[in-house]
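K.L.:
okay, here's the prediction I keep looking at, along with the sequence it came from:
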Amino acid sequence: MATRRSLPAATPSRRARYAAALTIAVAAAGLSLAMARAQPPDGARVAGDDRQPVVLPEPMRTHTIANMRDHLLALQQISEALSKGEFDAASRVAETRLGMTSLQAHGAAHVAAFLPAPMQDIGTRMHRAASRFAVEAQGAGASNDLRPALGALSAVIGQCVACHAAYRYP
């Protein structure tokens, strides 16, 4: 029977590994957003880019893109809060900036009328996932187990990736 040995001091802590995984996930979301924005100025399709263009009136397009940038900033702030063990702060950012309570502040109802129904569904799933993450982040504060919170955060980012993979604003 093998005995369990302690890890060398240079081995990253569990929290550091979680923070690194979270940083990678947030970077992937940022890359997704950057890729979605890397379109020719005339809105022409890029060879191999079969994402559906979604045309919005210009002020609404600008507002929507600003909201997505704020979502990305919120994900970065959540990642930072989790890496510091500030679970309540991560929860608060998630709910107020990404969760279901953020919809009115983002003017989501005004934009929704211009979006394809499947894109609206992805957005709703993202906002609901963010609210679920907010609850899991609070739970992590009580349990000191980041795994459920990170899984819930991955579901949020997964909806961002799904939307940016399927749609683009020309």
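P.N.:
In hand now; what should we look at? Numbers count the residues shown, from 1 in each chain.
K.L.:
same for the strand or helix carrying residue 90, what does it pack against?
P.N.:
Applying DSSP states H and E as the criterion places residue 90 in helix 87-93. Secondary-structure packing of helix 87-93 (3 or more C-beta pairs under 8 Å, 6 or more residues apart in numbering; DSSP states H and E): helix 58-83, helix 117-143. Yep, even glycine has a C-beta here, placed from its N, CA and C like the rest.
K.L.:
got the angle between the shortest one and helix 117-143?
P.N.:
Direction vectors for helix 58-83 and helix 117-143, defined by axes from the mean of the first three to the mean of the last three C-alpha atoms, to 10 degrees, enclose an angle of 20 degrees.
K.L.:
now do the closest residue to residue 106 other than its chain neighbours against residue 48, distance only.
P.N.:
Nearest residue to residue 106 in three dimensions, chain neighbours excluded: residue 67, at 5.0 Å (C-beta to C-beta, 6 or more residues apart in numbering). As judged by C-beta to C-beta, to the nearest Å, residue 67 and residue 48 stand 27 Å apart.
K.L.:
just the C-alpha atoms of the helix holding residue 90, please, in PDB.
P.N.:
What follows is helix 87-93, C-alpha atoms only, in PDB (Å, rounded to 0.1, in the frame of the first residue of the first chain):
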ATOM      1  CA  PHE A  87     -16.500  35.500  -3.000                       C
ATOM      2  CA  ASP A  88     -19.200  38.100  -2.000                       C
ATOM      3  CA  ALA A  89     -17.600  40.600  -4.400                       C
ATOM      4  CA  ALA A  90     -17.500  38.100  -7.200                       C
ATOM      5  CA  SER A  91     -21.200  37.300  -6.500                       C
ATOM      6  CA  ARG A  92     -22.200  41.000  -6.400                       C
ATOM      7  CA  VAL A  93     -20.400  41.800  -9.700                       C
END
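K.L.:
tell me the most buried of the helices and strands packed on helix 87-93?
P.N.:
helix 117-143 (a mean of 19; mean count of other C-beta atoms under 10 Å).
K.L.:
list the buried ones in the helix or strand just after that one?
P.N.:
The first helix or strand that comes after helix 117-143 along the chain, using DSSP H and E, is helix 147-166. For helix 147-166, burial by neighbour count (16 or more other C-beta atoms under 10 Å) applies to 148-150, 152-164.
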